[in-house]
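# sharing a sequence plus its predicted fold:
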Amino acid sequence: MTSSDNTIWQGCVLAIVAGYADAVGFLTFGAFAGAMTGNTVLLGIALAGADFGAAAQSVLIIAAFLGGVGASAVLAQRVPLMAVFGIEAAAIVAAALIAPAFAAPVLAFAMGLQNAAMTRFAGASLNTVVLTGNLQKMMQGFLGRFTGVTKPPGSEADGSAVIARLWIAYLAGVVAGALADRWIAHPLLPVVLLLPLALVRRPAFPNR
């Protein structure tokens with residue numbers, strides 16, 4: 001599931017899904033679907049304020065995300081990618097329809113599945129859900145290209161252009177999710193329709 005022939009098109013589709021889910025998750029549930037750094041911040045704030053109910057909810061969301069990552073790793077050896085995205089889609093639909101206290105962890109589980117399902121795009125190892133590391137790689141690649149700064153050990157060919165496109169796609173997903181949260185009764189439902197597109201190895205953008 002993590003072969004190097006995944007295209008930028010697939011990465012951008014998944015980044016849109018992740019951005020959309022993070023926006024709706026934050027606006028609807030007060031937590032992030034895929035940004036565990038943000039949820040860790042919310043956990044720390046809750047602990048500092050002795051709000052142990054909110055802290056427990058943050059712990060559950062983080063655990064659900066990690067569970068999704070683990071499940072994706074196990075499923076990778078047993079089922080096709082289509083089945084993994086099918087489970088992700090089912091989890092997103094469930095999160096759209098159940099009570100918020102349960103929906104936030106279910107949505108985080110879906111994003112954990114996605115984050116581990118595909119990790120290589122156009123020859124670069126990248127995440128479609130967690131972007132901080134991607135942006136670090138982009139800056140290191142930029143410096144390496146124009147200043148000769150040594151890249152970190154084990155780094156691949158410069159993927160700065162790929163990362164920039166994934167970031168833009170994620171941002172577009174956030175905007176779409178925020179608008180959907182205003183206009184749609186169950187805003188998570190439409191984004192499920194994008195997941196099948198991530199199975200299409202379409203060279204919508206040049207890889208370099």
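Thanks, I have the structure now. Residues are numbered from 1 along each chain as shown.
# which element, helix or strand, includes the residue nearest in space to the middle of the chain?
The centroid of the chain falls nearest to Val129 when counting by C-alpha atoms, centre = their mean (1.8 Å). Counting by DSSP states H and E, there is no helix or strand that carries Val129.
# contact partners for it?
14, 18, 34-35, 111-112, 114-115 (C-beta atoms under 8 Å, 6 or more residues apart in numbering). In short, each C-beta sits where N, CA and C put it, glycine included.
# cool, Leu66 as well?
For Leu66, counting by C-beta under 8 Å, 6+ apart, the contacting residues are Gly112.
# give me that answer again for 10 Å
Going by C-beta atoms under 10 Å, 6 or more residues apart in numbering, Leu66 touches 36, 108-109, 112.
# neighbour-wise, which of these leads?
Ala108 (32 neighbours; other C-beta atoms under 10 Å).
# from Leu179, how far out is that residue?
Using C-beta to C-beta, to the nearest Å, we find Ala108 at a distance of 22 Å from Leu179.
# just Ala90 next, same as before
Taking C-beta to C-beta, one finds Ala90 at 24 Å from Leu179.
# now do Gly44
30 Å.
# now swap in Ile87 and tell me
27 Å.
# those two: which is more packed in?
Of the pair Ile87 and Leu179, Ile87 is the one with more neighbours under other C-beta under 10 Å, namely 18 against 13.
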